[in-house]
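Model the following, please.
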Amino acid sequence: MTMSRLLRYCSSLVDTQSAAALYSRILSSFPSGLQMAFSYGSAVFQQEDHPSKDENMLDFIFVVDEPVKWHKENLVLNKKHYSFLKYLGARFITNIQDKRGSGVYFNTLIPFENRIIKYGVISTDRLITDLLDWDTLYVSGRLHKPVHILKFPNNQDLKNAMQINLMSAVHCALLLLPETFTEEELYQTITGLSYSGDFRMTIGEDKKKIEKIVKPNVIHFRKLYQSILDNEEHVYWHKDTGKFEQYPNYVSQWHHLNLLPSTVQRNLLHSRYSTGRYPDYEEVLRAFAHDSNCSDHVAASISDIVKSSSWNQSVKGIFTAGIIKSVKYSSQKMKKMWKSK
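Numbers count the residues shown, from 1 in each chain. The predicted structure follows:
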């Protein structure tokens with residue numbers, strides 16, 4: 001190992017240890033009772049045109065078994081994190097969390113030491129539902145991409161649902177992709193699932209966001225999906241060239257359609273039969289499997305999920321963050337969008 005490589009390696013070790021210590025301090029400032037915790041985004045995984053991860057806001061998702069109890073304890077420890085909703089109590093906050101938007105309650109623009117953090121709270125049951133059914137594709141969509149898990153779950157149902165969520169992303173992406181495609185194109189298609197239909201991609205997000213997420217992190221995506229792709233019989237991975245080959249036909253499309261999450265299947269059903277009287281799912285999916293425009297129908301079904309959840313979550317954010325923080329957060333997003341142009 002050359003001296004320059006050794007220095008870079010030592011530097012990366014220091015950065016990793018420093019980040020781990022920071023994450024430990026952040027988690028220790030919150031109540032116990034986390035089923036799982038993970039960080040995500042450009043402060044964790046390098047993105048193109050982001051020279052320093054340390055300048056970006058740290059994003060977290062906290063998964064809790066008992067959200068009312070957790071919020072009640074957090075209101076004691078970190079009352080300033082909450083908007084005016086703190087005066088309505090933990091049960092009201094949990095009701096807003098569960099019944100509105102994507103099942104996540106976010107507190108944003110929180111100072112911590114010399115960083116700014118944002119964290120979302122979701123119940124274990126709600127997350128499992130989203131992972132299996134894609135009813136909002138909000139947190140399940142984040143888990144299509146590499147994340148840094150700070151506390152691993154011990155709930156077996158949650159662990160199983162996380163794996164099924166990744167498998168569903170592969171089945172969906174293969175329906176959308178052509179006969180041949182690259183590894184990078186696969187990961188961009190998977191990443192794009194949870195952004196399709198999101199109005200913020202038009203007025204508040206970096207236009208090259210998906211590309212910037214994937215390009216520097218192909219190796220991390222590969223760790224997530226390699227075993228699934230190796231065992232998927234309807235696609236062949238030419239690892240020496242980094243390209244994939246599939247043969248879209250009735251058999252392969254029926255295979256993938258049959259394994260899509262229930263919300264996607266239900267949207268396909270509604271798109272073809274709007275009278276309220278439907279044939280059974282199998283008959284409908286077989287019809288789509290024969291349809292030469294199958295990929296367009298699947299893309300529209302995904303877009304409908306994201307469109308609804310992103311809009312509802314954004315409206316909810318005005319109340320959970322408060323007006324001032326909402327305006328500040330939105331302005332930061334707009335700056336990123338204009339910079340990308």
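
Show me the helices in the stretch 101-250 of the chain, by range?
In the stretch 101-250 of the chain, the helices defined using DSSP state H, counting those that start in this stretch lie at 124-133, 139-142, 156-176, 183-192, 200-203, 209-214, 218-230, 250-258.

between those helices, which gets nearest to Ala43?
Nearest of the helices of the stretch 101-250 of the chain to Ala43, taken as Cβ to Cβ: helix 209-214 at 12.8 Å. For the C-beta atoms, the positions are set from N, CA and C on the backbone; glycine is no exception.

List every C-alpha atom in that closest one, with coordinates, as PDB.
Extracted C-alpha coordinates of helix 209-214, given in PDB (Å, rounded to 0.1, in the frame of the first residue of the first chain):
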ATOM      1  CA  LYS A 209     -31.400  13.600  -7.800                       C
ATOM      2  CA  ILE A 210     -31.800  10.000  -8.900                       C
ATOM      3  CA  GLU A 211     -28.600   9.900 -11.000                       C
ATOM      4  CA  LYS A 212     -26.600  11.600  -8.200                       C
ATOM      5  CA  ILE A 213     -27.800   9.100  -5.700                       C
ATOM      6  CA  VAL A 214     -26.900   6.000  -7.800                       C
END
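
Which residue would you name as the spatial centre of this structure?
Note on the chain: the residue nearest the mean C-alpha position is Arg142, at 1.1 Å, using Cα atoms, centre = their mean.

one step back: quick check: which of the helices of the stretch 101-250 of the chain is buried the most?
Looking across those with neighbours counted as mean count of other Cβ atoms under 10 Å, the highest average goes to helix 139-142: a mean of 24.

Show the contacting residues for Glu66.
For Glu66, the contact set (Cβ atoms under 8 Å, 6 or more residues apart in numbering) comprises Gly33.

if we can go back for a sec, okay if I get the helices of the stretch 101-250 of the chain as TSV plus mean pLDDT and distance to Val64?
Output for these, formatted as TSV (pLDDT from 0 to 100; distance: least, Cβ to Cβ, whole Å):
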stretch	mean pLDDT	distance to Val64
helix 124-133	97	7
helix 139-142	96	13
helix 156-176	97	12
helix 183-192	97	27
helix 200-203	58	26
helix 209-214	90	27
helix 218-230	95	24
helix 250-258	96	33
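
Show me the strands in the chain, by range?
34-40, 58-64, 105-112, 115-123, 148-151, 180-182, 236-238, 243-245 (DSSP state E).

before we move on, the earlier item: how about the helices of the stretch 101-250 of the chain, which one is nearest Val264?
Judging the helices of the stretch 101-250 of the chain by Cβ to Cβ, what sits closest to Val264 is helix 156-176, at 7.1 Å.

Packing partners of the closest one?
helix 124-133, helix 183-192, helix 218-230, helix 250-258, helix 294-321 (3 or more Cβ pairs under 8 Å, 6 or more residues apart in numbering; DSSP states H and E).

Please name the nearest non-neighbouring residue to Lys159.
Pro153 (5.7 Å; Cβ to Cβ, 6 or more residues apart in numbering).

Now that neighbour, what are its backbone angles?
phi -70, psi 150 (degrees, to the nearest 10).

do the same with Leu143
Dihedral angles for Leu143 - degrees, to the nearest 10 - are phi -80, psi 0.

tell me the contacts of the residue nearest to it when sequence neighbours are not counted?
Nearest in space to Leu143, with sequence neighbours left out and distances taken as Cβ to Cβ, 6+ apart, is Asn165 at 5.8 Å. By Cβ under 8 Å, 6+ apart, the contact set of Asn165 is 131-132, 140, 143-144.
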